[in-house]
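1. need a 3D model of the following:
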Amino acid sequence: MVAVVTSAQPRTPMDVSLDDWASCGLRVASTVRLARLDCLEQSLLFAKLGQISAVDAEKIKKVWQTYVTPQF
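-> Reported below is the predicted structural model:
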């Protein structure tokens, strides 16, 4: 499962701006769009660009739990 990472500003509550974008290997300020998820085969992932910081991972996890996790 992958999410789109873009240089565009957040537009929806499911967009998470990365605070530590520079330290995680990205060239510009970036946003993770949890509304744009896709499933890819591992063979299609050929390079690692960086790693999300623990602080940004927590922000993404909170948004995921609020908007993506099924609420039964």
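
2. CA atoms for contacts and neighbours, from now on please.
-> Will do.

3. the strands in this structure, which residues?
-> 2-6, 15-17, 31-38 (DSSP state E).

4. so which of the ones you listed is nearest G25?
-> strand 2-6 (12.5 Å; Cα to Cα).

5. who does that closest one pair up with?
-> strand 31-38 (antiparallel) (DSSP bridges).

6. tell me which residues of the strand it pairs with are tucked away?
-> Buried residues in strand 31-38, counted by 16 or more other Cα atoms under 10 Å: T31, V32, R33, L34.

7. next one: stretch 64-72
-> W64.

8. what's in contact with that stretch?
-> M14, L34 (Cα atoms under 8 Å, 6 or more residues apart in numbering).

9. just to revisit the earlier point, including distance to C24 and mean pLDDT, could the strands of the chain go into TSV?
-> Below are the strands of the chain laid out as TSV (distance: least, Cα to Cα, whole Å; pLDDT from 0 to 100):
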stretch	distance to C24	mean pLDDT
strand 2-6	13	93
strand 15-17	13	97
strand 31-38	13	94
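
10. next, format these as JSON lines and append distance to T66.
-> Below are these laid out as JSON lines (distance: least, Cα to Cα, whole Å):
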{"stretch": "strand 2-6", "distance to T66": "16"}
{"stretch": "strand 15-17", "distance to T66": "12"}
{"stretch": "strand 31-38", "distance to T66": "11"}
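
11. who are the neighbours in contact with the one residue sitting closest to the centre of the chain?
-> Taking Cα atoms, centre = their mean, the centroid of the chain lies closest to V32, which sits 3.3 Å from it. Counting by Cα under 8 Å, 6+ apart, V32 touches A3, V4, V5, T6, D15, V16, S17, L18, I60.
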